[in-house]
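**Student:** This is a predicted model, with the sequence first.
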Amino acid sequence: MKKRMKTSTRTGLTPGSLAQAGSLKNTTSRIIIHSYGKSLYSEKETADLLKLQEYLNQDPPVLWVHVEGLARIDLLRAIGKHFNLHDLTIEDILNTKQRPRQETFEDYSYLACKALLFNNGKNSPEDEQISLVIGKNYLLTFSEADITSLQPLKKRLESERDIIRKRGPDYLAYSLIDIIVDGYFSVLEYMGERLEILEDELLSRPEQETLQEIHFLKREMLKIRQATWPLREALIGLEKSDSLFVHPDNALHMRDVYSHLVQIIEAIEINRDILSGMLEIYLSSVNNRLNEVMKILTMFAAIFIPLTLISGIYGMNFRHMPELSWYYGYPFAIGLMGAVALVMLIYFRRKKWL
Amino acid sequence: MKKRMKTSTRTGLTPGSLAQAGSLKNTTSRIIIHSYGKSLYSEKETADLLKLQEYLNQDPPVLWVHVEGLARIDLLRAIGKHFNLHDLTIEDILNTKQRPRQETFEDYSYLACKALLFNNGKNSPEDEQISLVIGKNYLLTFSEADITSLQPLKKRLESERDIIRKRGPDYLAYSLIDIIVDGYFSVLEYMGERLEILEDELLSRPEQETLQEIHFLKREMLKIRQATWPLREALIGLEKSDSLFVHPDNALHMRDVYSHLVQIIEAIEINRDILSGMLEIYLSSVNNRLNEVMKILTMFAAIFIPLTLISGIYGMNFRHMPELSWYYGYPFAIGLMGAVALVMLIYFRRKKWL
Amino acid sequence: MKKRMKTSTRTGLTPGSLAQAGSLKNTTSRIIIHSYGKSLYSEKETADLLKLQEYLNQDPPVLWVHVEGLARIDLLRAIGKHFNLHDLTIEDILNTKQRPRQETFEDYSYLACKALLFNNGKNSPEDEQISLVIGKNYLLTFSEADITSLQPLKKRLESERDIIRKRGPDYLAYSLIDIIVDGYFSVLEYMGERLEILEDELLSRPEQETLQEIHFLKREMLKIRQATWPLREALIGLEKSDSLFVHPDNALHMRDVYSHLVQIIEAIEINRDILSGMLEIYLSSVNNRLNEVMKILTMFAAIFIPLTLISGIYGMNFRHMPELSWYYGYPFAIGLMGAVALVMLIYFRRKKWL
Amino acid sequence: MKKRMKTSTRTGLTPGSLAQAGSLKNTTSRIIIHSYGKSLYSEKETADLLKLQEYLNQDPPVLWVHVEGLARIDLLRAIGKHFNLHDLTIEDILNTKQRPRQETFEDYSYLACKALLFNNGKNSPEDEQISLVIGKNYLLTFSEADITSLQPLKKRLESERDIIRKRGPDYLAYSLIDIIVDGYFSVLEYMGERLEILEDELLSRPEQETLQEIHFLKREMLKIRQATWPLREALIGLEKSDSLFVHPDNALHMRDVYSHLVQIIEAIEINRDILSGMLEIYLSSVNNRLNEVMKILTMFAAIFIPLTLISGIYGMNFRHMPELSWYYGYPFAIGLMGAVALVMLIYFRRKKWL
Amino acid sequence: MKKRMKTSTRTGLTPGSLAQAGSLKNTTSRIIIHSYGKSLYSEKETADLLKLQEYLNQDPPVLWVHVEGLARIDLLRAIGKHFNLHDLTIEDILNTKQRPRQETFEDYSYLACKALLFNNGKNSPEDEQISLVIGKNYLLTFSEADITSLQPLKKRLESERDIIRKRGPDYLAYSLIDIIVDGYFSVLEYMGERLEILEDELLSRPEQETLQEIHFLKREMLKIRQATWPLREALIGLEKSDSLFVHPDNALHMRDVYSHLVQIIEAIEINRDILSGMLEIYLSSVNNRLNEVMKILTMFAAIFIPLTLISGIYGMNFRHMPELSWYYGYPFAIGLMGAVALVMLIYFRRKKWL
């Protein structure tokens, strides 16, 4: 939870001064440069400033620069200078704890979004900010960690027949966003399975842990919503502003992604409703169990206390108690107890407690 | 619940690549082609690619192609090619787990909606996606399962005097949507009856099952809302965009369907309110019963424990206990007990516990 | 509850085919025809088709045709034909279970609204649909049952000096809507009185019935809201669309009715808030009573169980128990019990349980 | 509560017929007429029709007519006729139970608002409707009761140096609304103090009365909201429509009042949130106390019941019970009881119940 | 809480009359005047009217006048006169209890916002109103207390190389707002840490104090929201209106601040959701503990009461009780008790209570 928000260490800094906000998972930077076109594809990787500048000076139909790890501010600055990025854009890229949003500049469009990734076998996905800068003939992407989910994109780029090779950086950006949104579906699906297990558990044997799982799932839903809700707005912004950087042909694709986002948001709302219902069932079953416990106690007390009284009466030491000297006095007392117990049992059966 | 959302198996696929999303209930495809006009009506069925193409090349006033089962992607592709459908449209048709929505293209208008059907005597309706493609002189409809509720439409088409024969594919589409929406009313009615039974049950003898039924009905309400809410938006979209494919004469009919949808949505909201109220009554009656149980316990304890004390006192072995040697000591003790019990009973009667 | 929604028996019918939706309370139709103008007023009643057509062919300044009972579809059709009503309008008139709404046609404006009427001394008002068709010089009104609340309107029409005689059918429609809305105030007032009684009951002696009354009132509030909320929208529609059929002079009156509707809606929301608060007080008082019951039990147990132990100790049969042979052993034991009881009483008094 | 809504006695009346809605607190009418300008100020009071007409026929720069008590309909009618007021306006003035709203007419602007006044030392403020009619060079104000809070306004009018003397009736209206809104702050402040007291009470010793106070405050918040919320809209209406009757110079002042209203509405929302939180604390503390009670009961039972068993065992009458003839049998039994009690005490101390 | 709202002492004052609303923390005023430009920087402090006027008459590129402490109304009036401020603006500056808002005047733009400051080691931040008046070449700022968080701003002004020296008063205002917003992040972070501690506590050992901490955090969230929510609107107002006083170059920076505000608002909403969930866990764990207590009681009662009955039976004084004279009668009775206890234990183990 500590990293939920922008750290306050920035307070008082010159706005626009470059500093990492958010904790560093990666202490270095890798830059992967893809140049491609209809009949062209090359991939180069570097962490060297000079080589980077050399690579950037090439002019392929489309240039995709992916930066993994935001530690090397010098490299970021070089990229920023080459593509003429605004200071605030670079600041936004470095601040990995901001919310998804979109900003249109003169030469490019900036989009920040959150990928949800299961890292190291954890059972709760972590969000990883991916920043996109869409220019006329280039796409810059920035992430702090290694985003393995981008692999399929690389494979598609390598295939000469894939439509992605014939389109511009906007289509590439769309494909990337589509992968991120598909990732949300995976998370939602995983949570949906846990929800199902939880539901069975709730009906068979509700425990305090059930409650904690309900709240865990509620918070995961919040997390996914936090990633999707503002992204929806950001995509609208992208579509509206981007006559320059987004080709009208991609508008349909964008609307498709948008509709997936809406579907996710609706599924989250429904899951939240279901979780609320489960909470009510849980609380009610706790109450019902208390009822059961109290019924057992009451029955024990109601049956045995009168019997104890009878035994107590015949344990009194009065000199003149005729029953005591009866030959069948003892069986009579035991019989009396049995009769009282029976009456009680019939009474509780009538009340449907048994 | 597993099928609540788009499966993640698509992650990383080329957007636009054709694959079935959602589970297949039907492993083959049947294509039924209706050609009709004022004085013309024919119905043909095929699952053969060549025959299909032959049928499609006819040019009747109105052509209605209904595809049942989405397994034969080759057939879908042929239809898509013939009617010049966008790749995304075919992808949408195949993805049977999307939400109702509407998309306008140059040559046609696409509408996805959900029919709610009771299958195999289940007590919870399943949603079945029906995709409509409305063109200038054709209507394409796609569903995965056999939609028996379309039968009345066929009967109307066969009758030469029915107005449907004089109108275009937009009127046909409207009639189909009207049938789907009427289906929602049926489901709502069925749920309303269960709600009534539940209400009686709640007042006579609330059980844990009552609670589960309340939550079952809540979720069914969510399901109907999920089908109706986005359909409402989609219909607005259809009305706005469709100067081309929807004749103004049908606008009134569409508004009629729209008003039915609003009525359903309002009924759902009211039912949800009623269900929340029932939950409160249920929880309160559980609490009240606990109160009853505790009152019984308390009365038993309060009446018998003092009596037991009396019997205990006269069971003590002190050498000098005058009462023990009284001739009427025993009846005195029993009488004392009776008096104490009477006082207690009067006390609880005063407290209105009895 | 069964009639809460449009019956599903329509599923599959030709849209536009005339059939009664909603249950028939009235098995025949009465048609009352009022012709009036500044110096003219006549009222005729018929259930005969020929006479009806004759009456309609007169041409008074304003013609008000009121149809009571929707069983005679032939009469409705004749009226529909004479005033050139759209098929959907007649369908809407017949479907008495739709929500209040407004529809503008070329020649007239259609408005459906719900009157709330107390029938046969029931304690819950029933809604009765009233359909209005406002034309240039006529007003058609349709209701299924006998609407006694329209009587004052007739009286006003009979009085030559009443302003209603100088105005058109729009003013008549406004007067009718005003009566319906005033009826909502009556219902709200009746419910307000029950709310007050309930409030007193809640503080003096809350029972399970109190809870049911709370929920009854909640549902009545929902019912009134269902009638008023969409009517508000419908009135806006009427004002906007009706340059043709509603004279600008009446706009002010309409806004007045509109403002009354808003007042009703606000009162409903406040009553719902109050009812929620009452529910919380009820639930809390149930909990408090449980607390009381448990305190009594605990005090009984805590006082008498130690005493019983003392009596038990002196009832033990050990040979060597010095107290037993003390001369004042018995009073000592009784005194000991008294002392223990006193300590306990002081303890509970300190805890403020007594 | 009885007067919460417009009385139904109006049902069936000619709309526009003049009748008092709402109960009469004042059985007569006082009319106070202020004429003022830069160098002019006079105040006259009358309840006489002829004198009234004479006073109205003067033509000072600004004329403020304040009517206190709405019983004398003849006087109201005279005023209405003189200033050419619409019938509906007079009806609105008489209906003191309507919600705050604004209406623009050709010659004037009508505003109804609610003052909240503490009458007769009651602890809950009553709302008092004040109607304003703002014309070009006059302001009419109507209230049913004596509004003492208008005194400061009169004092300002008497002072020649006050800016109010140099401005028109719109500035006077603004000053009056400002006083009413300031009155809301007073009420809110009084409620805030009660909230603080309640908060202390809640933590020290929550009782059923605490709950009732919570609900009392919740309803007061609703009452203030009912007065402020629609007034906000009404002020927007006044600003928009009033190029004629409100001088642009006053727009800033109006926006100031508007911003105060928003502040009040926000404070209400926050107080409602706080009250909900207090309710939760209250309910939870009731539950906690039940827990405490049950712990005491359980400890008593768990400690004394085993001891009673021991005493019961040594009270059995078996011939062969070796312990009974032990010389230290009795101390042994007492010691055994002590040991058992100790074990129990340690057990409960470990469970942190003690 | 007492100072939550504008004090009612203003009721009846001439609107526009200058008086301190809100309590005075500072009984004097300090005025700090910064003059700066590309190559110029001077800072002067005074509390003297004559010196102030002298300082103001200088004409540097940018003039920043910061007023700390609002007690010296003469000084404020002098500043107001020099910069031609509207009376309402000065009134707004003095009323330190208003909500954040923005107002555009002919010559300047007014913005009120709230800084959240931790004073004197308190654990709850206090809000401190800061008023900004942005003119063409000056910025006026007003606060009641000493805002130490403005120190970094002064340091930046002193540094000749800082961009702030090259920009106008709008950039200075932006930098100041940025610092205030960063302060919200600090508060949110501090609350986030407390939330984490609370969460651990909740799972390990929930107490009544946990509940109070939950509510304390809920109210702090409300407080931050109260500061941020209206500020968001105010910033929009600033951006829209300020072509005159805010240079388009700063729009991007403003949008950046705006996006931080949205992030804070979202974080608050999520924290509120989390706190609601924690409340539910707390309440449920209270219920669960009651269940545990009752189980212990029930087990004790159910095991020992039957044993007590056995001991009672063999304590009866019947003459003919064969068991009593058995040689192994006593061990038999003890064994019987053991058997009964065992059966009970097995029963409760089966019920999983043990």
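**Tutor:** Perfect, thanks for sending it.

**Student:** continuing past the helix or strand harbouring residue A:53, what's the next helix or strand?
**Tutor:** Assigned by DSSP states H and E, residue A:53 falls within helix A:49-56. Scanning forward in sequence from helix A:49-56 by DSSP H and E, the next helix or strand is strand A:62-68.

**Student:** what's that next one in contact with?
**Tutor:** A:26, A:29-37, A:56, A:75-76, A:79, A:137-147, A:150, A:157, A:168-169, A:172 (CB atoms under 8 Å, 6 or more residues apart in numbering or on different chains). For the C-beta atoms, the positions are set from N, CA and C on the backbone; glycine is no exception.

**Student:** and if you look at stretch A:212-232?
**Tutor:** By CB under 8 Å, 6+ apart, stretch A:212-232 touches A:99-101, A:113-114, A:116, A:124-125, A:127, A:181, A:184, A:187-188, A:191, A:194-195, A:198, A:201, A:258, A:261-262, A:264-265, A:268, A:271-272, A:275, A:278-279, A:282, E:203, E:262, E:266, E:270, E:273-274, E:277, E:280-281.

**Student:** in that stretch, what counts as buried?
**Tutor:** A:213-218, A:220-232 (16 or more other CB atoms under 10 Å in any protein chain shown).

**Student:** How about stretch A:79-95?
**Tutor:** Buried-residue list, stretch A:79-95, by 16+ other CB under 10 Å: A:79-80, A:83, A:85-95.

**Student:** ok, so of these, who is nearest residue D:247?
**Tutor:** Set against residue D:247, the nearest of the buried residues of stretch A:79-95 by CB to CB is residue A:88 (43.8 Å).

**Student:** Quick check: which element contains the residue of the stretch 151-300 of chain A found nearest chain D?
**Tutor:** Distances between the stretch 151-300 of chain A and chain D by CB to the nearest CB are smallest at residue A:297, namely 9.8 Å. Under the criterion of DSSP H and E, residue A:297 resides in helix A:251-313.

**Student:** then stretch A:127-137 to PDB, C-alphas only?
**Tutor:** In PDB, the C-alpha atoms belonging to stretch A:127-137 read as follows (Å, rounded to 0.1, in the frame of the first residue of the first chain):
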ATOM      1  CA  ASP A 127       0.300  -2.700 -11.900                       C
ATOM      2  CA  GLU A 128       3.000  -1.700 -14.200                       C
ATOM      3  CA  GLN A 129       2.800   1.700 -15.900                       C
ATOM      4  CA  ILE A 130       3.400   1.800 -19.600                       C
ATOM      5  CA  SER A 131       3.800   5.200 -21.200                       C
ATOM      6  CA  LEU A 132       3.200   5.600 -24.900                       C
ATOM      7  CA  VAL A 133       4.400   8.500 -27.100                       C
ATOM      8  CA  ILE A 134       2.800   8.300 -30.500                       C
ATOM      9  CA  GLY A 135       4.400  10.500 -33.100                       C
ATOM     10  CA  LYS A 136       4.000  10.700 -36.900                       C
ATOM     11  CA  ASN A 137       6.400   7.900 -37.700                       C
END
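
**Student:** Only the buried residues of that stretch, if you could.
**Tutor:** In stretch A:127-137, counting by 16+ other CB under 10 Å, buried: A:127, A:128, A:129, A:130, A:131, A:132, A:133, A:134, A:135.

**Student:** beta partners for the first one?
**Tutor:** Read it as residue A:127. residue A:116 (DSSP bridges).

**Student:** from what I can see it touches residue A:112, true?
**Tutor:** No. Under the criterion of CB atoms under 8 Å, residue A:127 is not in contact with residue A:112, lying 11.3 Å apart.

**Student:** where along the stretch 1-150 of chain A do the strands fall?
**Tutor:** Secondary structure of the stretch 1-150 of chain A (DSSP state E, counting those that start in this stretch): strands at A:30-37, A:40-46, A:62-68, A:101-104, A:109-117, A:126-134, A:138-143.

**Student:** Need the nearest residue in space to whatever residue of the stretch 251-354 of chain A ends up closest to chain B, chain neighbours excluded.
**Tutor:** Distances between the stretch 251-354 of chain A and chain B by CB to the nearest CB are smallest at residue A:312, namely 3.2 Å. Using CB to CB, 6 or more residues apart in numbering or on different chains and skipping the chain neighbours, the partner closest in space to residue A:312 is residue B:311 (3.2 Å).

**Student:** in what helix or strand does the most centrally placed residue in chain A lie?
**Tutor:** Chain A has residue A:220 as the residue nearest its centroid, 3.3 Å off, counting by CA atoms, centre = their mean. Per DSSP H and E: residue A:220 is located in helix A:208-241.

**Student:** I'd like the average pLDDT over that helix.
**Tutor:** Rounded to a whole number, the mean pLDDT of helix A:208-241 is 86.

**Student:** quick one, that helix and strand A:109-117 angle?
**Tutor:** Between helix A:208-241 and strand A:109-117, the angle comes out at 160 degrees (axes from the mean of the first three to the mean of the last three CA atoms, to 10 degrees).
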